[in-house]
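>>> Pasting the sequence and the predicted model now:
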Amino acid sequence: MFIKEDAKKMADLLRTGHKMLNLSCPICNNPIFQNKDGVSFCAICNREVIMADSVLDKNIKEKKIILTKNIKQVNVPNVLITVLTDKLNWITQKLEKENQLDIIEKYLKILFDLLNLLEKAKGLK
């Protein structure tokens, strides 16, 4: 489902004159795009990307990809809390319908991990 949305987003960028670079995002592994002003960004992560040279050896240079600030400002703790809450609800619904003990055990571990993450995310606010 997300793949179609991501592909549509990237196709729209190409149609509007953005250039797809031969580099991929280190976070989501999707192609990096460049707008008409020369700003590089990941369309999926919604982050600006800066390419920097780093010297590994006197004669060897490697391009490093550095993700910088979000293009669209987002309050990360609030977004994270929303996503974690949605996942908690989704796993809980699956758990209600499940009858196999090994799967129930996996769902409970996931719920426990999500609750721990949710508690930490709320501490970031």
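Nice, I can see it. Numbering: from 1, shown residues only.
>>> centroid residue for this structure?
For the chain, the residue nearest the mean C-alpha position is C45 (4.9 Å; Cα atoms, centre = their mean).
>>> Need the CA coordinates for the helix or strand encompassing D12. PDB is fine.
Here D12 sits within helix 2-15, counting by DSSP states H and E. The C-alpha atoms that make up helix 2-15 are tabulated as PDB, following Å, rounded to 0.1, in the frame of the first residue of the first chain:
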ATOM      1  CA  PHE A   2       2.800   2.400   0.900                       C
ATOM      2  CA  ILE A   3       4.900   1.400  -2.100                       C
ATOM      3  CA  LYS A   4       2.200   2.700  -4.500                       C
ATOM      4  CA  GLU A   5       1.900   6.000  -2.600                       C
ATOM      5  CA  ASP A   6       5.700   6.300  -2.500                       C
ATOM      6  CA  ALA A   7       6.000   5.600  -6.300                       C
ATOM      7  CA  LYS A   8       3.200   8.100  -7.000                       C
ATOM      8  CA  LYS A   9       5.000  10.700  -5.000                       C
ATOM      9  CA  MET A  10       8.300  10.100  -6.800                       C
ATOM     10  CA  ALA A  11       6.500  10.100 -10.200                       C
ATOM     11  CA  ASP A  12       4.900  13.400  -9.400                       C
ATOM     12  CA  LEU A  13       8.300  14.900  -8.600                       C
ATOM     13  CA  LEU A  14       9.700  13.700 -11.900                       C
ATOM     14  CA  ARG A  15       6.700  15.200 -13.800                       C
END
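>>> That one: how far from the chain's middle?
Distance, stretch centre to chain centre, for helix 2-15: 15 Å (Cα atoms, centre = their mean, to the nearest Å).
>>> before we move on, back to that, pLDDT at the residue nearest to the centre of the chain, what is it?
Listed pLDDT for C45 reads 84.
>>> tell me the contacts of it?
25, 27-28, 30, 67 (Cβ atoms under 8 Å, 6 or more residues apart in numbering). Placement of C-beta: from N, CA and C, glycine included.
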